[in-house]
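In: Predicted model and sequence below, questions to follow.
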Amino acid sequence: KQEVTQIPAALSVPEGENLVLNCSFTDSAIYNLQWFRQDPGKGLTSLLLIQSSQREQTSGRLNASLDKSSGRSTLYIAASQPGDSATYLCAVIGGNQFYFGTGTSLTVIP
Amino acid sequence: GAVVSQHPSWVICKSGTSVKIECRSLDFQATTMFWYRQFPKQSLMLMATSNEGSKATYEQGVEKDKFLINHASLTLSTLTVTSAHPEDSSFYICSAIQVLNTEAFFGQGTRLTVV
C-alpha cells in the first residue's frame, strides 16, 4: 500500500525566506502528484499538479519537482509571505486513488 | 480552476438524526467523486469513492450503512450520515475529478457537530 510522508511536520520561517517542503512516497508506480494548500477549517486548494511524465511545475512563487525513481517531490516557495501560512499537503495519485501525506504546517512570521 | 461546491459548510444536529451533505461540480462533469473525513491536525482519510450511476466503493472500516453515498448525476454526489452520533463529529470534504488521473478539485468542507 502506498505510504506518503511529509517532512517537516511543522515549519516556521521569517518573511522573505525561501523554503522547501518535502514529500516522499513508497510506491513509484504513480500517475500524478498534486500539492494542496489547506487553511484552518477550510477545504483544499490545488496548487500544482505534476503528471508522472513531468519533472516539475511552476506557478508564480511556487515550484514543485517530482522524482519518481527516488519517490520524492519537493515544493519550493520563494520569498515567503505571511499569507503563505497554511498546511501544505501532497497527494500521490495512483489508479483511482489519492494517497495524502500528513501535511506540513507552515507559519511565515512577519 | 474548476469549482466544487460543498453544502452546508457547517451543521449541528442532534444524536440519532440524519444529515445530508451535498457536493457539486459547478463547471465540469465529474466522473468520480471522493469523500474524505479529517480529524483535527490530521490528514485526510478517504471514506469512499463514487462513480456516477454506480454504487460507491467504501474504504475498509467505513460503515456503508451509516455513511450513505449517492452519485446520481455527473455533477452531484451526496453523503448522508445516518443516525448520527457525537463520534461522527468531524470535518468532511469532497473532491471531484473530470477524467481519471487528472487534477482533483476539492469542496470547502463541511464541519459536522453532533450533540
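Out: Cool, the structure landed.

In: what's the offset of stretch A:17-25 from the middle of its chain?
Out: When C-alpha coordinates are averaged (CA atoms, centre = their mean, to the nearest Å), stretch A:17-25 and its chain have centres 7 Å apart.

In: again with stretch B:74-82
Out: With CA atoms, centre = their mean, you get 6 Å for stretch B:74-82.

In: With stretch A:43-51 instead?
Out: 8 Å.

In: quick one: is that stretch near chain B?
Out: Yes. Stretch A:43-51 is in contact with chain B by CB under 8 Å from any CB of the partner chain, via A:43-46, A:49. The C-beta positions use only the backbone N, C-alpha and C, and glycine is treated the same way.

In: okay but residue B:5 is in contact with residue B:24, surely?
Out: Yes. At 4.7 Å, residue B:5 counts as touching residue B:24 under the criterion of CB atoms under 8 Å.

In: Contacts made by stretch A:16-26 with the rest, please.
Out: Contact with stretch A:16-26 is made by A:2-8, A:11, A:13, A:33, A:35, A:71-80, A:88, A:90, A:92, A:99, A:101, A:104, A:106, A:108, as judged by CB atoms under 8 Å, 6 or more residues apart in numbering or on different chains.

In: Over to stretch B:51-59?
Out: Identification of contacts with stretch B:51-59 by CB under 8 Å, 6+ apart yields B:30-32, B:35, B:45-50, B:64, B:67, B:69, B:71-74.

In: rewinding a little: taking the contacts of stretch A:16-26 one by one, which sit in strands?
Out: Of the contacts of stretch A:16-26, the ones assigned to strands by DSSP state E are A:4-7, A:11, A:13, A:33, A:35, A:72-77, A:88, A:90, A:92, A:99, A:104, A:106, A:108.

In: Give the PyMOL command for selecting the buried subset of those.
Out: In PyMOL, this line selects whichever of these come out buried by 16 or more other CB atoms under 10 Å in any protein chain shown:
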select buried, chain A and resi 4+6+11+13+33+35+73+74+75+77+88+90+92+99+104+106+108
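
In: now the helix or strand of chain A with the lowest mean pLDDT, how far from the centre of its chain.
Out: The element with the least model confidence among the helices and strands of chain A, by mean pLDDT, DSSP states H and E, is strand A:97-100, at a mean of 84. Counting by CA atoms, centre = their mean, strand A:97-100 is centred 13 Å from the centre of its parent chain.

In: Also stretch B:89-100?
Out: Taking CA atoms, centre = their mean, one finds the center of stretch B:89-100 at 6 Å from the center of the full chain.

In: what's the answer for stretch B:59-72, then?
Out: Between the mean C-alpha location of stretch B:59-72 and the chain-wide mean there is a distance of 9 Å, by CA atoms, centre = their mean.

In: That'll do, ta.
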